[in-house]
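[1] A structural model of the following input is requested.
(one chain, ligands or ions: 2)
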Amino acid sequence: LVSRKWRVRPTVIDLGDDLRLGEGTLSVVAGPCSIESEAQMEAVMQHLVQSGVRLMRGGVFKPRSSPYSFRGLGLDGLRDFYRLARQYGLRIVTEVMQVSQVEEMLDYVDVFQVGARNTQNFNLLDALGQVDKPVLLKRGVSGTVEELLHSAEYIFSGGNEHIILCERGIRTFETASRNTLDLNAVPILKEKTHLPVFVDPSHGIGIREHVPPLALAAVMAGADGILYETAPVPERAASDGQQTLDFAESARLVEALQRTYLLR
Ligand code: PEP
Ligand code: MN
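    Ligands and ions are numbered 1, 2, ... in the order given. Next comes the predicted model:
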């Protein structure tokens, strides 16, 4: 069902207020790795509004490699995130980690994110097939393109056709970067599926200075959207500070993305 052979017309996801995701526009999703406080959220929101970014990312349920790391503000944090985002006219993308959270989160989410550690959590994918909210599905840490498409198929076949695929780097033998951003996946996915294809260069390389050039390369490779991390003081972020842009870098990137998209 997610194949271009089944549907030729590209899937475009309409979030209302003239905000559409998919072929024909370049979407930008930016924000902190983790939602940390109202002050942090408002600082990011002001920056995004000023930069013309309409979608904010931020996790309240964080899948951390160590159980002792900051694991997010949970549902209370999500309610604050959603309320503030509405005040600023922003839409939000946030990660759901388990089936029981889907219903709890439903009224406070614009786009559900499925993280790389849950790409093959088939119960979660089934549950998201039943909801009327778009899903941004990340590629698994060691997942193939084919496996990503099968995961999307779970959601689609359940009845939810509003899916965005997101390349976020895979685990390879290379240790010089956090992950290996697989830009090959972009044209391959664009050929195989009618679904929007986004790229997350932040997790893809894990090194702050190198995020902007990779984001631009992803646009030239055909991405329909870019998702990256930005926070007021990256050095003090509760998670992923080493790959997080400050607002000056983020503002420059947004401009460069728009210019690059016009070259395509
Ligand atoms: C994130 O977006 O902060 C995140 C945890 O991403 P991933 O699932 O790709 O590691
Ligand atoms: Mn992160």
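[2] CA only for contacts and neighbour counts going forward, please
    OK.
[3] what about the helices in the stretch 1-150 of the chain?
    For the stretch 1-150 of the chain, the helices defined by DSSP state H, counting those that start in this stretch occupy 38-51, 74-87, 99-105, 122-129, 145-157.
[4] Which residues does the second one contact?
    Okay, so that is helix 74-87. Residues outside helix 74-87 that contact it (C-alpha atoms under 8 Å, 6 or more residues apart in numbering): 35-38, 41-42, 45, 60-61, 91-92, 104-105, 108-109.
[5] what do you get if the cut-off is 7 Å, keeping everything else the same?
    Defining contact as C-alpha atoms under 7 Å, 6 or more residues apart in numbering, one finds that helix 74-87 is touched by 60, 61, 91, 108, 109.
[6] ok, now the shortest one?
    Residues from elsewhere that reach helix 99-105 (C-alpha under 7 Å, 6+ apart): 96, 123, 124, 127.
[7] Could you dump the residues you listed into CSV with pLDDT added?
    Converted to CSV, those look like this (pLDDT from 0 to 100):
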residue, pLDDT
96, 98
123, 98
124, 98
127, 98
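[8] Any chance of the helices of the stretch 1-150 of the chain in TSV with distance to residue 222 as columns?
    TSV is the format used below for those (distance: least, C-alpha to C-alpha, whole Å):
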stretch	distance to residue 222
helix 38-51	22
helix 74-87	29
helix 99-105	31
helix 122-129	26
helix 145-157	16
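[9] Please tell me how far the closest residue to residue 13 other than its chain neighbours sits from ligand 1.
    Spatial nearest neighbour of residue 13, excluding adjacent residues (C-alpha to C-alpha, 6 or more residues apart in numbering): residue 21 at 5.0 Å. For residue 21, the distance to ligand 1 equals 18 Å [C-alpha to the nearest ligand atom, to the nearest Å].
[10] Contacts only, for residue 21.
    So residue 21 contacts 12, 13, 14, 27 (C-alpha under 7 Å, 6+ apart).
[11] Excluding sequence neighbours, find me the nearest residue to the third one.
    With sequence-adjacent residues excluded and distances taken as C-alpha to C-alpha, 6+ apart, residue 14 is closest to residue 20, at 4.5 Å.
[12] give me every residue that touches that neighbour.
    Shown in contact with residue 20 (C-alpha under 7 Å, 6+ apart): 12, 13, 14.
[13] Which pLDDT value belongs to it?
    For residue 20, the pLDDT comes out at 98.
[14] That one and ligand 1: what is the separation?
    Taking C-alpha to the nearest ligand atom, one finds residue 20 at 21 Å from ligand 1.
[15] circling back: who wins on neighbours among the contacts of helix 99-105?
    Within those, most neighbours by other C-alpha atoms under 10 Å means residue 96, with 27 neighbours.
[16] okay, now the closest residue to residue 7 other than its chain neighbours: neighbour count?
    Take residue 7 and drop its neighbours on the chain: the residue closest to it by C-alpha to C-alpha, 6+ apart is residue 194, 6.6 Å away. A total of 24 residues lie near residue 194 under the criterion other C-alpha under 10 Å.
[17] Thanks again, I'm all set now.
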